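> Compute the structure for the input listed below.
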Amino acid sequence: MEKIAVYGASGFTGRLVVAELARRDVPVVLVGRDDRRLRVAAEGVPRAEVRRAGVEDSSALAAAFDGCAAVVNCVAPFELFGEPVVRAAVVSGCHYVDTNGEQSYLKRVFDTFGEPARQAGICVVPALADDGGPGDLIAHLTAEALGPRADLAELTIADLRRPGAVSRGTARTALANRGLWGGGSGLVWADGAWRDGAAHAAGDRATVPVPEAAAEGEAGDIKVAPFALPGVITVPRHVRAGRIDAVMREEVVPLFAAVTRELVATLPEGPDPAARRASRWLMAAYAVGRDGRRAQGSVTGSDGYGMTAVIAVEGVLRLVAGVPAAGVLAPAQVFDPADFLRALEPHGTRWSAGVDDR
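As a prediction, the model looks like this:
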């Protein structure tokens, strides 16, 4: 089997991705800027290689990816460090996925690397994490519930997880994206273009119905607030809708604005295994057709960090095994959404999508 490079392999998420690749018996090349940490992360990983390269050295990055079929980028914050890794993957002719959920960075990847990736004949699929990946796939299936290539009046993507423990990297990412995650609403898709989400009035959608995949015992409506989710950038590329926006559970949104450098310094590198197992992630989509019909979809599972590793590895192995279209593409443009979500079921994922008759 061909080698897969993992950039940021010594970080919390990077080590989870390395472990998942090793579990699937895939040879791994661990890449990053700290040789000592990389060698520690490689201990016990069969057929592992370590290659040192910082994001500031484009030649070293490209050389580190030489001989690899694809790259999984786990560096964070992507807003600060992500783009050089994408560029090096394109130069090296490697397929690429990443674990980012940062809306501004994600849009730049689509805007900047689409043509270079097409010319290189490689496929770039950003945002394959527990929010961007399942959120994009379930949004597509929810839209399809109203008919193939349905033309929607609106589609809302919702991250409905409850507050929980986060990694130090997630907190650093919140700081790097303070303008968006600290009170801004990001972008919305409206009338055929991405527009400033400040036009998204707080009353546009103050609640969403509890989705089918929600935890037992939760009923009624969930209070939500606008939030800059990655699906606003990916979903309009494969779903026709007059408007696509995103929301998050209301009680979670202020937590991003509360992150400080002092708080980051106190956090462990990642939640402990018990906290990860106890946590649940929940992505939902709510579609309204131009004829007024409604559809709803949702996907959930435990341990968002562990599932992010599974999602990223599942995606990159599908790229390597197939003949994907070249360019920068959304998950649902590359992978069959239902088939991909079924592949996550053995890891405890549940999902559904269908017409909402309520």
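
> And the next helix or strand past the lowest-mean-pLDDT helix or strand in the chain?
The weakest-scoring helix or strand in the chain, judged by mean pLDDT, DSSP states H and E, is helix 178-181 (a mean of 85). For helix 178-181, the following helix or strand on the C-terminal side (DSSP states H and E) is strand 187-190.

> Point out the other elements, helices or strands, that that following strand touches.
When contacts are defined as 3 or more Cβ pairs under 8 Å, 6 or more residues apart in numbering; DSSP states H and E, strand 187-190 sits against strand 193-196, helix 231-234, strand 240-249. Just so you know, the C-beta spots here come from the backbone N, C-alpha and C atoms, and that holds for glycine as well.

> among those, which is nearest residue 15?
Of all the helices and strands packed on strand 187-190, helix 231-234 sits nearest to residue 15, with 26.2 Å by Cβ to Cβ.

> Tell me where the stretch 51-200 of the chain has helices.
Using DSSP state H, counting those that start in this stretch, the helices of the stretch 51-200 of the chain run over 58-64, 78-92, 103-120, 132-144, 168-176, 178-181.

> Show residues contacting the strand or helix carrying residue 15.
Assigned by DSSP H and E, residue 15 falls within helix 12-23. When contacts are defined by Cβ atoms under 8 Å, 6 or more residues apart in numbering, helix 12-23 is touched by residues 4, 6-9, 28, 30, 32, 41-42, 45-46, 48, 72, 74-76, 99, 167-169, 269-270, 305-306, 308-310, 312-313.

> now with 7 Å?
By Cβ atoms under 7 Å, 6 or more residues apart in numbering, the surrounding residues in contact with helix 12-23 are 4, 6, 8-9, 28, 30, 41, 45-46, 72, 74, 99, 167, 169, 269-270, 305-306, 308-310, 312-313.

> For burial, what's the neighbour tally of the closest residue in space to residue 122 that isn't next to it in sequence?
Nearest residue to residue 122, sequence neighbours excluded (Cβ to Cβ, 6 or more residues apart in numbering): residue 95, at 5.2 Å. Neighbour count of residue 95, defined by other Cβ atoms under 10 Å: 28.

> ok, back up a step: out of the helices and strands packed on strand 187-190, nearest to residue 285?
Closest among these, using Cβ to Cβ: helix 231-234, at 8.1 Å.

> Where does the prediction get shaky in the stretch 101-250 of the chain?
The model of the stretch 101-250 of the chain has pLDDT under 70 over residues 199-204, 215-217.

> ok, back up a step: looking at the contacts of helix 12-23, which are in strands?
Among the contacts of helix 12-23, the members found in strands (DSSP state E) are 4, 6, 28, 30, 72.

> And stretch 136-155, how far out from the chain middle?
Mean C-alpha position of stretch 136-155 versus that of the full chain (Cα atoms, centre = their mean, to the nearest Å) differs by 19 Å.

> what's it in contact with?
Against stretch 136-155 from outside (Cβ under 7 Å, 6+ apart): 157, 231, 234-235, 238-244, 283, 285, 287-290, 293, 295-299, 330-332, 337-338, 340-341, 351, 353-355.

> Same check on stretch 297-308?
Residues outside stretch 297-308 that contact it (Cβ under 7 Å, 6+ apart) are 13, 16, 99, 129-130, 134, 138, 141-142, 145, 167, 211-213, 270, 276-277, 279-285, 341, 344, 347-353.

> Nearest to residue 185, out of the ones in strands among the contacts of helix 12-23: which one, please.
Looking across these and measuring by Cβ to Cβ, the closest to residue 185 is residue 72, at 29.8 Å.
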